[in-house]
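Student: just coords:
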């Protein structure tokens, strides 16, 4: 019995994201029973690939899901959020373009192997992650303020790094990462996301990442007295989110084969934070559930796709509905409401107890 | 006979598993300074919290000037004229001194700075508080901040003023100033409840003493009729005498010619610990004693590397070692159970299991996590060994009682099998039964060869466990007592010898 | 850290005033050096006044943000509210029977409505302000598109007349190329912004509400013990911020003359940045509203300097703004940690519940 209770407690955190995802699915099925049909279609490149709303949700939610992983760790260890991920994606994109295109706007052939571009983009994103991490750990600046700096400057830095021009990559191989690999019917971003999730699952399984980040997030002083270096662990989470930024930035650039510095991954930081919150993670740090955050990310994406499919919802007004859902979710999971509910429950239990007596 | 201001009758309060207060009574009269004394866990703070409306009492009655009152919140208490000044100053550091004295009081919509500053200046001058009205509170010393809080309370016509350990973070001079303020208030007819750990201070400033022990009322005495040693006896009680036999066995060990586990020469710390020499042998239990704030906790924090060491040659197991951070100490097989369990010890939201394996896991390294099964085995073993009462190893440690949390941290360090274990206040705030268990465990571990430093604010307890005591005062080591010197009287004298010097 | 001793009566400056002094001196130094190094536009009083003309609405928005930031809160919705206000007012003015007073009331009502909902949720439901005002931002921009997707230029006669109002400042001006002396001008929006600034300054300094805001930001637990109604005070802070966002939106429309969903993109972060540069700490309780004004004009001045230095790339503005923000944030962090003995402080809504409880 107590074991089951503990299990329940562990998964209670996933209740809200699961329920909201379920709600989205049910609403869709009611409105349009064919919403989740999966079809094999032949795309422009002549591949036969899967298509349908589910694929579209999983595909387009990839960047968000990958970022949610990093955001969860940063939140857990520092009790704050990185609001510069969108801007850092612009920088990462700039690096990719610069490495692949040099100073040409539309090169006939790539200037460097794609793997070099990816590694460079990783290195630069981690460098900027390290910058944020240093401000947070060494200078003890609140994460939101520390990352406000890059939030402000990042897109401009990206533009500058990209050579001040919006280059376009026409190499077909490059577009595989954001599209399809010939012969594979599943969009590559989904595969990359699965790889990222596998990587973090392995990291959590074979290292003490979870224990350390949670300890630092819950009680930094105590963690230090157990031999941990809280500064280094906070710094590390910013490096990890740097890698997440690099990967999702790479996918984004590949999707569009170019970078629009002012609009690429716009508001994605807000969505990533939201995914963490919907995943039932406390934004004040401490215990975390990466699964929850990833579910949260796909919930957001599913919500977007659903809203798009509703009559009268345009790509512009979608934010309005999204906001309504957020307000609803946040309100029902607010401490006051939660306490209120548990109080009512307690009262009921007492009443039952009295009746029994 | 002075008029009674405040009377608490037969107050009882129970927390899950602990009877914090049982039929406690307390009477405060006009113009008296009344000390509320008791060791840690005696129920002082619970009583104060009941009085200030933080806790609700289970039964009992509180009367103010003879009329029964119901206090439901700190605001209620304030409205009745019961003001509290806590050890941690509850003012706003970013506002000015004058604002802190007047904000949130009365009905007004606009701040009249000139008038407020004038009133504040009058009050500060009147009470002899060395602060300027327009000064930002954060720029005042802690002592002055506390006095400002008192000034606010006094200006609000408080009838009863509760000072909850106001002196523990103050230096000598600030204490002197605070006392003259307290005497001044007494002469104006204010009744003051003074909660403190410092015996000296009680005899210096108080008129009456009420002693609590284990949540029970021991008695009310006037200061003249209760000499120091009697007070200590009343506070500590004699229930634990059953342990004295074991103590004899323990003191045998250190006489043997065993190896030094840890040696430090000229060790000093950034936390203010003055240079001292210290060494400990296998199987020895020693203690650091002294009043709260004497540096006993700071010195062991320096040993463990929790606070930075400024100087010192350290040898571990005879070889030179460098301990710059806790991890270095852990590698040198030193364990440390910190004084403040909530702040430095437990990681509240994590499970009992994770809390137990924490230190060993860190020593093992980030890339070799314990498997679920291994962790579970360790947890089960130590939960059984120490008798930790928890729903399961999965329960968050924050949900356990204080004593069990303490055992979890103890388990954490025992699991690392240290050669040298530092226990700072391992028995604070836990019930008598657990206390005895922990003391017995300490002696058993020592007999198995572990070196242990044991710190407690209860001297009696230390006498039972330790075979050597290092006495500290003002962050200096002022004496070392062994063998037949280990008596309460001798220790008191060594500590008190310092008090006399400091005043001269 | 030497104590600066030029406060009243030889006391060290309060944190708020210390940061204000730093901000003002850095701005002054920046401007004077530019005047010497670049001359030209920097010597023209009109360019200085344009700092205000161009940013009147930002000043108002930043004032609102300063109010919530001093309670250790945040409001990200102000930019979105601005956009929504410009669209709604433009639609109203271009429609049948549109008139200026009604549009002003509409602007304020929209702002207050946002402030009301956000304030209720933050103060009484204990929801994290970051998340809820983020939702507010989405809500506002989304709603704006539902009102009208396409940009609208306001041609309403009354409003156009209002836009044309300029105040010429006698005695200050410059000589045009033909030798005529042209008096410098400020727009109506600047007058409103300055009135708001003075009102907020007075509120912070002399009203009970204003001081309560500081007390809550300083230490909310203490503020409660001192008898301050934390929830109500917080609620009104968000309400006021919302109202000012509405007013800021109206001024924005006055300046640009067109309502569009894309108006005021990123303005919320500019307003936050201005407040931070002005000396408001996100941890609350510290800041002087005059600093916010200097924060706003510093942000713009740095851009003018970039242009004068001949750095043509459109990216330089963002980079220098970020660099300046970085400089101020690190500087403040060092100063405040020296003052507080190395303690890092988190805003209330980021602290864990038990941290607040104990």
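Tutor: The structure has been received and is ready for your questions. Remember, predicted model here, so these are calculated numbers, not experimental data.
Student: show me what counts as buried in stretch A:237-246.
Tutor: Buried residues in stretch A:237-246, counted by 16 or more other C-beta atoms under 10 Å in any protein chain shown: A:237-246. C-betas here are computed from N, CA, C, even on glycine.
Student: which among those residues gets closest to residue B:387?
Tutor: Residue B:387 lies nearest to residue A:237 out of the buried residues of stretch A:237-246, by C-beta to C-beta, at 37.6 Å.
Student: can you tell me the element that closest one falls in?
Tutor: Taking DSSP states H and E as the definition, residue A:237 sits inside helix A:230-256.
Student: near chain B at all, that helix?
Tutor: No - applying C-beta under 8 Å from any C-beta of the partner chain, one finds helix A:230-256 separated from chain B by no less than 9.6 Å.
Student: I'd like to know which elements the helix or strand just after that helix is packed against.
Tutor: Scanning forward in sequence from helix A:230-256 by DSSP H and E, the next helix or strand is helix A:268-278. Contact here means 3 or more C-beta pairs under 8 Å, 6 or more residues apart in numbering or on different chains; DSSP states H and E; on that basis helix A:268-278 packs against helix A:15-31, helix A:62-78, helix A:85-101, helix A:290-309, helix A:318-332, helix C:129-147.
Student: circling back to that earlier point, now the helix holding residue A:237: average pLDDT?
Tutor: Mean pLDDT, computed over helix A:230-256, is 96.
Student: ignoring the adjacent residues along the chain, who's closest to residue B:84?
Tutor: Nearest residue to residue B:84 in three dimensions, chain neighbours excluded: residue B:162, at 4.3 Å (C-beta to C-beta, 6 or more residues apart in numbering or on different chains).
Student: how distant is the helix or strand in which that neighbour is found from the center of its chain?
Tutor: Counting by DSSP H and E, the element that carries residue B:162 is strand B:160-164. Taking C-alpha atoms, centre = their mean, to the nearest Å, one finds strand B:160-164 lying 18 Å from the centre of the chain it belongs to.
Student: quick one: pLDDT of residue B:475?
Tutor: pLDDT at residue B:475 comes out at 80.
Student: ok, for it, nearest residue in space, not its chain neighbours?
Tutor: residue B:295 (3.4 Å).
Student: let me know the pLDDT of that neighbour.
Tutor: Here, the pLDDT recorded for residue B:295 equals 82.
Student: show the contacting residues for it.
Tutor: For residue B:295, the contacting residues are B:272-274, B:472-476, by C-beta atoms under 8 Å, 6 or more residues apart in numbering or on different chains.
Student: and what of residue A:254?
Tutor: Residue A:254 makes contacts with A:174-179, as judged by C-beta under 8 Å, 6+ apart.
Student: about what we covered before: can you list the buried residues in the strand holding residue B:162?
Tutor: Buried, per 16+ other C-beta under 10 Å, within strand B:160-164: B:160-164.
Student: which of those scores worst on pLDDT?
Tutor: Within the buried residues of strand B:160-164, pLDDT is lowest for residue B:164, at 85.
Student: output the below-cut-off pLDDT ranges for the stretch 101-250 of chain B.
Tutor: For the stretch 101-250 of chain B, applying pLDDT under 70 flags the ranges B:168-169, B:236-250.
Student: quick one: the strands in it, in order.
Tutor: In order along the chain, the stretch 101-250 of chain B carries the following strands (DSSP state E, counting those that start in this stretch): B:160-164, B:191-195, B:208-213, B:216-222.
Student: strands along chain C, start to end?
Tutor: All strands of chain C, identified by DSSP state E, fall at C:152-153, C:166-175, C:181-187, C:258-259.
Student: can you add distance to chain A, mean neighbour count and mean pLDDT and give the ones you listed back as a markdown table?
Tutor: Converted to a markdown table, these look like this (distance: least, C-beta to the nearest C-beta, whole Å; neighbours: other C-beta atoms under 10 Å in any protein chain shown; pLDDT from 0 to 100):
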| stretch | distance to chain A | mean neighbour count | mean pLDDT |
| --- | --- | --- | --- |
| strand C:152-153 | 15 | 15 | 92 |
| strand C:166-175 | 32 | 12 | 81 |
| strand C:181-187 | 26 | 17 | 84 |
| strand C:258-259 | 14 | 22 | 90 |
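Student: nearest to residue C:330, out of those?
Tutor: strand C:181-187 (34.4 Å).
Student: give me the sheet partners of the closest one and which way each runs.
Tutor: strand C:166-175 (antiparallel) (DSSP bridges).
Student: now do the end-to-end distance for stretch C:306-325.
Tutor: Using C-alpha to C-alpha, to the nearest Å, one end of stretch C:306-325 lies 15 Å from the other.
Student: the strands of the stretch 101-250 of chain B into CSV, with extra columns for distance to residue C:174?
Tutor: Shown next, in CSV, are the strands of the stretch 101-250 of chain B (distance: least, C-beta to C-beta, whole Å):
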stretch, distance to residue C:174
strand B:160-164, 67
strand B:191-195, 70
strand B:208-213, 80
strand B:216-222, 84
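Student: contacts only, for residue B:180.
Tutor: residue B:128.
Student: report the buried residues of stretch C:206-214.
Tutor: C:208-214.
Student: also stretch B:413-426?
Tutor: So stretch B:413-426, judged by 16+ other C-beta under 10 Å, has buried residues B:413-416, B:418-426.
Student: quick one: is stretch C:18-27 near chain B?
Tutor: No - for stretch C:18-27, no contact with chain B is found by C-beta under 8 Å from any C-beta; the gap never falls below 9.5 Å.
Student: roughly how far does residue B:324 sit from residue C:255?
Tutor: Distance from residue B:324 to residue C:255, counting by C-beta to C-beta, to the nearest Å: 59 Å.
Student: right, I mislabeled it, should have said residue A:291
Tutor: For residue A:291, the distance to residue C:255 (C-beta to C-beta) stands at 48 Å.
Student: got the residues of the stretch 101-250 of chain A near chain B?
Tutor: A:205-209, A:211-212, A:214-215, A:218-219, A:221-229.
Student: verify the stated contact: residue C:305 with residue C:34.
Tutor: Yes - proximity of residue C:305 to residue C:34 meets the contact threshold set by C-beta atoms under 8 Å, at 5.4 Å.
Student: between these two, which contacts overlap?
Tutor: What both residue C:305 and residue C:34 touch, as defined by C-beta under 8 Å, 6+ apart, is an empty set.
Student: sketch out the low-pLDDT regions of the stretch 251-357 of chain A for me.
Tutor: Looking at the stretch 251-357 of chain A by pLDDT under 70, you get A:345-357.
Student: close to chain B: what parts of it are there?
Tutor: A:286-287.
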